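> the sequence and its predicted three-dimensional model are supplied below.
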Amino acid sequence: MARRFIVDEENITKIGEDKIQIVGKEVKHIQVLRHNVGDIIVLNEYDCKIIGMKSHSIDLEILQNTKPIGIPNIEITLYIGMLKNDKMDFVVQKAVELGVKNIVPFFSKNVVVKLDEKSRIKRMDKLQTIANEACKQCGRTDTVKISSFENFKNIIKEQNKFDASIIAYENEKNYLRDTMSNIKRENISSISVIIGAEGGFDKDEVEKLLENNKTVCVSLGSRILRAETAVLNILSIIMYELD
Ligand code: SAM
């Protein structure tokens, strides 16, 4: 099977009918692996032939869409409160393996991590690299996008674009299993999952989210889970039920 490489859109330029040029980190990676003109590789979601190689760029001809593997039946967007240290790296890696399509880290009232603009960009780049590596490692042929860090107000507004939206809140009585039985009866194709950071959500944040009539609040049981555990728990259950 041809090797797979993932290049962000901003590092791809169209140079002709079905021809593109790539720059950036993966150029070095392709060269280190001793690929050369004529080799077939998979780039993002396409089978491509290398048609030109320079030190900082590679030209490719797009041959066809690559055969889709490991792509879930349901499109999940994970909203996760910004976590401390390398916990975010763990969450991104595991969420990609479990099949999410988009990850949106957010800042809400009880998030303690503070990042200036420069550190946000650096952090986002690192998380995108982790997501790309996890896609390759688990054999998914699609890509997972890490969105720029959002403020809580914006994520509230975005929820109406999903068929269903689930917020995990430890003070809720409604169980995920009941919500899943309702969701399974409907024909849904996109779902958003919202998990708080170490400090959790404020009651008024949860109330604001629930103003959207497609949003439901669920409990994951009587024990308070770490945010990372809550992510693994809820994604595993949703995938078991819907994928
Ligand atoms: N605010 C809480 C506290 O400090 O006691 C804990 C927040 S918890 C560490 C992080 C996030 O995981 C929560 O915001 C929630 O989204 C999710 N979570 C953890 N345990 C949960 C449970 N039993 N039911 C639903 N969600 C849970």
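Thanks, I have the structure now.

> quick check: phi and psi at residue 226.
Dihedral pair for residue 226: phi -70, psi 150, per degrees, to the nearest 10.

> packing partners for the longest helix seen in the chain?
Looking across the chain with DSSP state H, the single longest helix is helix 117-138. Secondary structure elements in contact with helix 117-138, counted by 3 or more CB pairs under 8 Å, 6 or more residues apart in numbering; DSSP states H and E, are helix 87-98, strand 102-107, strand 145-146. All C-beta spots, glycine's among them, are computed from the backbone N, C-alpha and C.

> and the ones you listed: which comes nearest residue 125?
Comparison of the helices and strands packed on helix 117-138 against residue 125 by CB to CB identifies strand 145-146 as nearest, at 8.9 Å.

> residue numbers of the protein in contact with the ligand?
Within reach of the ligand by CB under 6 Å from any ligand atom, the chain has these residues: 168-170, 195-196, 198-201, 219-221, 223-227, 230.

> among the residues you listed, name the buried ones.
The neighbour-count criterion (16 or more other CB atoms under 10 Å) marks 168-169, 195-196, 198, 200-201, 219-220, 225, 227, 230 among the residues of the chain next to the ligand as buried.

> could these be laid out in TSV, adding secondary structure and pLDDT?
Output for those, formatted as TSV (DSSP: H, G, I helix; E, B strand; the rest coil; pLDDT from 0 to 100):
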residue	secondary structure	pLDDT
168	strand	98
169	coil	97
195	strand	98
196	coil	97
198	coil	96
200	coil	96
201	coil	96
219	strand	96
220	coil	96
225	coil	98
227	helix	98
230	helix	98
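
> pull the most distant pair out of these.
The most distant members of those, if one measures by CB to CB, are 198 and 219, lying 18.4 Å apart.

> the residue nearest to residue 151 when sequence neighbours are not counted: how many residues sit nearby?
Take residue 151 and drop its neighbours on the chain: the residue closest to it by CB to CB, 6 or more residues apart in numbering is residue 107, 5.6 Å away. Counted with other CB atoms under 10 Å, the neighbours of residue 107 add up to 19.

> do the same with residue 172
Around residue 172 there are 15 other residues, counting by other CB under 10 Å.

> swap in residue 157?
Neighbourhood size, residue 157 [other CB under 10 Å]: 10.
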